[in-house]
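Engineer: build me a model from this:
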Amino acid sequence: MTVLAAAIALVGSLFFALGAALQQFEAAGSVKRGLLALLRRPRWLAGGASILAGGGLHIVALGLGPLTVVQPMGVASLLFALPITAALHGRRPARTELAAAGVVAVGLIGLVLMVPESAGPARLDPDGVLVLLGVAGIAAVLLWAGAKVASPAGRAALLATSSGVLYGATATLMRVLVDGGWNWWYLLALPAPALLALVMLQRAYAVGHFGVSFASLQIADPLTAVAFGALLLGEPLPTGAAPVAAALLTAAGTVALARTSPLEARNGPA
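Structural biologist: Modelled structure (predicted):
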């Protein structure tokens, strides 16, 4: 079953990568700004369907195999996405670009595998939900403001990180709901950060530098969820030098990716 779980997770990563590449291609090539304009583009919608299919396959894989096998397969989506995006833009991915993405993937896999498993169900009181949404919202706004004065690669990274923070908050709230911490207004709170995350991500894609934005999203989303888990749910954090080394490796790979990833956009800045 473990081999099957790994195979399903790998296929799910391919679907996720394809969806992200299609959405970036459409966001970068859209004459009109905004999510509403993208919703009228069939290829962007096909990308969304592909992402949903990838997420569904990842959930199936988690039901069949251990997290330590399934999660690394999910990180592979970065390595799939770069060649797909390059093909859509009519070029070949540079070796330096793929090498930098590989470094990011190795570091991120290390970080994911070092996070201790939760000892019990997640519980969060209403005040905790307000803190969760408030901290995520403030962080997202600060990152968005920083993107206004950043270089194109930095802008893509900051906007995607803003999206990742909001997605991480959404994932944390979803965990609380799934684990039985039900409250009707928790459910009502879910769409706002998820929608804002989607808007920020499309802005990041529209800038170009897909490798940077996609890598930043993959880093920010799980790390934000881990941070909120420790801050609000009392979950343990990894300790020792190994997580620090993995984080430095991930950061170095992202910087290298920013330097090697080409500007794949046909619009002005976001």
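Engineer: ok, T254 touching I219?
Structural biologist: Yes: T254 is within contact range of I219, at 6.9 Å (criterion: C-beta atoms under 8 Å). C-beta here means a position set from N, CA and C on the backbone, and glycine is covered the same way.
Engineer: quickly list what's touching both of these two.
Structural biologist: Shared contacts of T254 and I219, defined by C-beta atoms under 8 Å, 6 or more residues apart in numbering, comprise V104.
Engineer: contacting residues around the helix or strand bottoming out on mean pLDDT in the chain?
Structural biologist: Within the chain, no helix or strand scores below helix 67-75, which has a mean of 72 by mean pLDDT, DSSP states H and E. Residues outside helix 67-75 that contact it (C-beta under 8 Å, 6+ apart) are 2, 5-6, 9-10, 12-13, 16, 58, 61-62, 105, 108-109, 112-113, 117, 218.
Engineer: can you give me the buried ones in that helix?
Structural biologist: By neighbour count on 16 or more other C-beta atoms under 10 Å, the buried set for helix 67-75 is V69, V70, Q71, P72, M73, G74, V75.
Engineer: how about those in CSV, adding distance to R175?
Structural biologist: Conversion of the buried residues of helix 67-75 to CSV gives the following (distance: C-beta to C-beta, whole Å):
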residue, distance to R175
V69, 20
V70, 16
Q71, 15
P72, 20
M73, 20
G74, 16
V75, 20
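Engineer: and which of those residues is nearest A94?
Structural biologist: Among the buried residues of helix 67-75, V75 lies closest to A94 (C-beta to C-beta), at 20.4 Å.
Engineer: roughly how far apart are that closest one and G12?
Structural biologist: Relative to G12, V75 is positioned 12 Å away (C-beta to C-beta, to the nearest Å).
Engineer: and P66, how many neighbours?
Structural biologist: 12 (other C-beta atoms under 10 Å).
Engineer: my guess is it contacts V3, does it?
Structural biologist: No: at 11.9 Å, P66 and V3 do not qualify as touching, with contact defined as C-beta under 8 Å.
Engineer: contacts for stretch 125-133, please.
Structural biologist: 124, 169, 172-173, 176, 183, 185-186, 189, 192-193, 228, 232.
Engineer: mind checking which of those are in helices?
Structural biologist: Judged by DSSP state H, the subset of the contacts of stretch 125-133 located in helices is A169, T172, L173, V176, W185, Y186, A189, A192, P193, F228, L232.
Engineer: where does the prediction get shaky in the stretch 101-250 of the chain?
Structural biologist: Applying pLDDT under 70 to the stretch 101-250 of the chain flags residues 118-122, 180-182.
Engineer: any chance you could map the helices in the stretch 101-250 of the chain?
Structural biologist: Using DSSP state H, counting those that start in this stretch, the helices assigned to the stretch 101-250 of the chain run over residues 126-147, 152-178, 184-189, 191-207, 210-232, 241-260.
Engineer: distance to A94 and mean neighbour count for those - can I get that in CSV?
Structural biologist: Below are those laid out as CSV (distance: least, C-beta to C-beta, whole Å; neighbours: other C-beta atoms under 10 Å):
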stretch, distance to A94, mean neighbour count
helix 126-147, 25, 16
helix 152-178, 15, 24
helix 184-189, 42, 12
helix 191-207, 19, 22
helix 210-232, 10, 24
helix 241-260, 6, 17
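Engineer: relative to I51, which of those is closest?
Structural biologist: Nearest of these (C-beta to C-beta): helix 191-207, 10.3 Å.
Engineer: can I get that closest one in CSV, CA atoms only?
Structural biologist: Extracted as CSV, the C-alpha positions of helix 191-207 are listed here (Å, rounded to 0.1, in the frame of the first residue of the first chain):
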residue,chain,number,x,y,z
PRO,A,191,-13.8,31.8,2.5
ALA,A,192,-12.3,35.2,3.2
PRO,A,193,-8.6,34.1,3.7
ALA,A,194,-8.9,31.4,1.0
LEU,A,195,-10.2,34.0,-1.5
LEU,A,196,-7.6,36.6,-0.6
ALA,A,197,-4.9,33.9,-0.9
LEU,A,198,-6.1,33.1,-4.4
VAL,A,199,-6.1,36.8,-5.4
MET,A,200,-2.6,37.3,-4.1
LEU,A,201,-1.3,34.2,-5.8
GLN,A,202,-2.7,35.3,-9.2
ARG,A,203,-1.0,38.7,-8.7
ALA,A,204,2.2,36.8,-8.0
TYR,A,205,1.8,34.7,-11.2
ALA,A,206,1.0,37.8,-13.2
VAL,A,207,4.4,39.3,-12.3
